[in-house]
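Q: Quick one: sequence and predicted model below, then my questions.
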Amino acid sequence: MTLQRLPLPPSELGESPFWHPEENCLYWCDIQGFTVNAWRPADGQHRQWKTPSEPGCCAPAADKKIVIGLRDGFYLLDTVSSALTLLAPLPPAQHDTRMLRLNDGRCDTAGRFWAGSVITPRTAPDAALWRLSASGGGYAVQHMAGDNFTANGLAFSPDNQFMYWSNTPEHRIDRFDFDVATGTIANRQPWARFDRKVDGQPYGGRPDGAAVDVEGNYWVAMYEGACVLQLSPAGKVLQRIEVPVQCPTMVCFGGEDLRTLFITSARAGRPMEEMDAAIPAGSLFSVRVEAQGMPVNFLQGQ
C-alpha cells in the first residue's frame with residue numbers, strides 16, 4: 001500500500017471528492033478557494049469553475065452537470081458552459097447565511113441530495129441537515145436534522161438501512177435508521193466517539209468526511225489526526241492509513257474498479273511550516289486499497 005500525492009496544486013480546503021464513472025474524473029470542492037475542480041488521471045487535465053460563495057459539497061447530475069451546495073442553497077453547475085442555476089434556496093428563517101453555509105453532502109441511491117451545514121462562530125449547535133429532492137417539476141428542500149456545529153461524515157450503508165452523520169467539533173459520529181423509499185431518517189444514536197485533544201496526550205484527530213465500502217465499512221478522514229480510519233459496521237477500527245499532512249478532510253473511492261481511495265486535505269488556517277512543507281497541507285492523495293467502494297449516486301430530477 002503506497003500513498004501517492006496527486007500532481008495538483010494544494011487546495012485551501014479540499015472537500016467532497018467523488019469519482020465520475022462516465023468521465024473517469026475526480027471531482028472535488030475547494031471550499032475556501034471558491035472553486036469546483038475536476039482532474040482526469042489519464043491525461044492530467046485539471047479544470048476549475050469559480051463559484052460566487054463557498055462550495056461546500058458536490059455530486060454528479062445528468063448531462064455534464066454537477067449539483068453543488070453554496071452558502072445560500074443548492075445550485076446546478078453546467079461543466080460545459082459554466083452556467084450556474086439555482087435549484088432551491090435554503091429558508092432564511094432557518095439558515096442565516098451570515099453565520100451558516102452548506103458543508104459536507106452527497107446523494108442517496110434514490111437521487112436525493114443531502115447536505116449538512118456549519119455554523120461560524122460556534123455559539124450554538126444550529127448547523128442542520130438538509131435534503132434536496134425532485135418535487136412538482138422542480139426541487140424542494142426539507143430540514144431533516146439539527147443539533148450540530150460542523151456537519152460532516154455523511155454516508156449511507158450499502159443496504160440502505162443506515163445513514164451516518166458526524167459532528168466534527170464534538171468528536172462524534174451518529175447513525176440514523178434510514179428509509180430509502182421515503183427518504184426519511186429516525187432513531188439517531190451515537191455510533192462512534194473519539195478522544196478530545198488534551199495537552200501532553202496523544203491526539204488522533206476528529207472525524208471529518210467519509211465514505212462507505214461494499215462491505216459496509218466506514219472510511220473517515222481524521223482532521224488534525226494525519227490519518228484515515230477504516231471502521232467496521234460496529235464502529236471498530238480495522239485499519240489506519242497515515243497521511244503526510246495533518247488535516248485530511250474527506251475520502252472517496254474511485255478508479256475503474258473503485259479500489260483507489262482518494263483523500264483531500266486542508267491548508268487554510270494551518271501553520272506556515274505545514275503549508276511550506278515538501279508535501280504541503282492541502283495536497284490531494286490516492287492509495288490502492290483491498291476494499292471496493294460504492295459508486296457515486298447521481299442527482300435525480302423530474
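A: That came through fine. Numbering: from 1, shown residues only.

Q: where's residue 50 relative to residue 36, distance?
A: 8 Å (C-beta to C-beta, to the nearest Å). Backbone N, C-alpha and C define where each C-beta goes, glycine included.

Q: Excluding sequence neighbours, find me the nearest residue to residue 100.
A: Closest residue in space to residue 100, ignoring its immediate chain neighbours: residue 117 at 5.0 Å, by C-beta to C-beta, 6 or more residues apart in numbering.

Q: who's the one you found bridged to?
A: Per DSSP bridges, residues listed as beta-bridge partners of residue 117: residue 102.

Q: And for the helix or strand bottoming out on mean pLDDT in the chain, what's in contact with it?
A: Ranked by mean pLDDT, DSSP states H and E, the weakest helix or strand in the chain is helix 272-275, scoring a mean of 94. Identification of contacts with helix 272-275 by C-beta atoms under 8 Å, 6 or more residues apart in numbering yields 10, 245, 246, 267, 280, 281, 282.

Q: just checking, the fifth one touches residue 267?
A: Yes: the pair residue 280 and residue 267 qualifies as a contact (C-beta atoms under 8 Å) at a distance of 6.5 Å.

Q: okay, and the common contacts of those two?
A: Contact with both residue 280 and residue 267 is made by residues 10, 274, according to C-beta under 8 Å, 6+ apart.

Q: The two - which one has more neighbours?
A: A side-by-side neighbour count of residue 280 and residue 267, using other C-beta atoms under 10 Å, places residue 267 first with 24 against 18.

Q: returning to that earlier point: for residue 50 and residue 36, indicate the residue with more neighbours.
A: Neighbours per residue (other C-beta under 10 Å) separate residue 50 from residue 36, with residue 36 holding more: 23 against 11.

Q: For the more buried one, name its beta-bridge partners.
A: Following DSSP bridges, residue 36 is listed with bridge partners residue 29, residue 49.

Q: Let's see the pLDDT reported for it.
A: The per-residue pLDDT reported for residue 36 equals 98.

Q: tell me the contacts of residue 104?
A: For residue 104, the contact set (C-beta under 8 Å, 6+ apart) comprises 15-16, 56-57, 115-116, 151-154, 208-209, 250.
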